[in-house]
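> no sequence for this one, just the structure:
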């Protein structure tokens, strides 16, 4: 997606530890018009799939997921990273290791909001080592629902997450795949 | 806002400890069409204010904030609840006590995304004891920006948050104000 790639080149910053900072438009400040264009692009890519629900994980996946959901006219469900007293009843649970925060989260989703009738599009802002997305895959499998695919804004193609998920036979569409980065140079995979 | 009140009466559940569960449409599963209607209502209420930025706090404020931002055509910025290695440089910081999670968070916002030129609309899903909103007010004041007001989806009118914020001379518009609740009965303030 050219609009996104141009924006990454313009406003993204490469930081030590393979961190790509895109906090001016994606995950701290949010350019809502860009998110809407991203939503339209995922609709173009997954328009033929019988999607009933968009599933993401808090917090930075929520903005993208909501804008995608508008294009599909289906609800968003977001998995939560910590146990909350507001979550009673039965939940799907899994564990996710965070690359950014260097710790392991419990991730939970109320069973009320995902069942075997659902056809799910997984949405997240980043795909790197794949831990967050694998957690969502685990939740959907526990629910007996169908994974139609994953929609990722930025994939770090030099990390193993994409291969892990695609290796399970899951369709992954990433709007920008980074081949390499360093010293404030970002190169995309074609 | 009648559409919202009807939805609370239909799908909300009152739980012990003054918890109103609206997780089927607001803060776990998200009804994006309802969020869009909420965005339109805040635009009606604050349409004359020279708003340059929507400020919220992760995680459940993000969905509402994004839909509101679409109507104002301005960026969203969300305050983060924990220190992240992705947040370098200078940040505004404050502390927020969570009613739901019964603990205190550090809340941070990068100084890059809020400055004294900004006119800010604060958005959150709930206003109860006011701690989260007071944290956002503190951040905006630290930035030297102007608070145009706050837009709240559900205010618990029987808790002190609304009075605290309005007592500071800040305009607060809540789309549903709950006067009392108990035994699965919810009564709204007119």
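Alright, I've got the coordinates. What you see is a predicted model, and the numbers here were worked out from it, not measured in a lab. Numbering: from 1, shown residues only, chains lettered A, B, ... in the order given.
> In chain A, what residue spans correspond to strands?
Listed in chain order, the strands of chain A (DSSP state E) span residues A:13-15, A:19-21, A:29-30, A:53-57, A:76-79, A:91-98, A:103-110, A:119-127, A:146-156, A:172-182, A:185-188.
> Redo the ones you listed as JSON lines? Include mean pLDDT and mean neighbour count.
The way it works is simple: take the backbone N, C-alpha and C, and place the C-beta from them, glycine included. Putting these into JSON lines (pLDDT from 0 to 100; neighbours: other CB atoms under 10 Å in any protein chain shown) gives the following:
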{"stretch": "strand A:13-15", "mean pLDDT": "93", "mean neighbour count": "14"}
{"stretch": "strand A:19-21", "mean pLDDT": "93", "mean neighbour count": "18"}
{"stretch": "strand A:29-30", "mean pLDDT": "98", "mean neighbour count": "24"}
{"stretch": "strand A:53-57", "mean pLDDT": "98", "mean neighbour count": "27"}
{"stretch": "strand A:76-79", "mean pLDDT": "97", "mean neighbour count": "26"}
{"stretch": "strand A:91-98", "mean pLDDT": "86", "mean neighbour count": "17"}
{"stretch": "strand A:103-110", "mean pLDDT": "88", "mean neighbour count": "18"}
{"stretch": "strand A:119-127", "mean pLDDT": "98", "mean neighbour count": "25"}
{"stretch": "strand A:146-156", "mean pLDDT": "98", "mean neighbour count": "23"}
{"stretch": "strand A:172-182", "mean pLDDT": "97", "mean neighbour count": "18"}
{"stretch": "strand A:185-188", "mean pLDDT": "95", "mean neighbour count": "14"}
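> for chain A, longest helix please?
helix A:32-46 (DSSP state H).
> Determine the set of other helices and strands touching that one.
Other helices and strands packing on helix A:32-46, by 3 or more CB pairs under 8 Å, 6 or more residues apart in numbering or on different chains; DSSP states H and E, are helix A:2-11, helix A:61-72, strand A:119-127, strand A:146-156, strand A:172-182, helix B:61-72.
> what's the last one in contact with?
By that I understand helix B:61-72. Helix B:61-72 is touched from outside by A:30, A:32, A:35-36, A:59, A:62-63, A:66-67, A:76, B:26-27, B:30, B:32, B:35-36, B:38-40, B:42-43, B:46, B:51, B:54-56, B:75-76, B:78, B:121, B:123-125, B:132, B:151, B:153, with contacts defined as CB atoms under 8 Å, 6 or more residues apart in numbering or on different chains.
> Let's check: the centremost residue of chain A is which one?
Of all residues in chain A, the one closest to the mean position by CA atoms, centre = their mean is residue A:124, 1.1 Å from it.
> can you count the residues close to the residue nearest to it when sequence neighbours are not counted?
Nearest non-adjacent residue to residue A:124, counting by CB to CB, 6 or more residues apart in numbering or on different chains: residue A:61, 4.7 Å away. Neighbours of residue A:61 under the rule other CB atoms under 10 Å in any protein chain shown: 29.
> Please consider this matter closed, and thank you.
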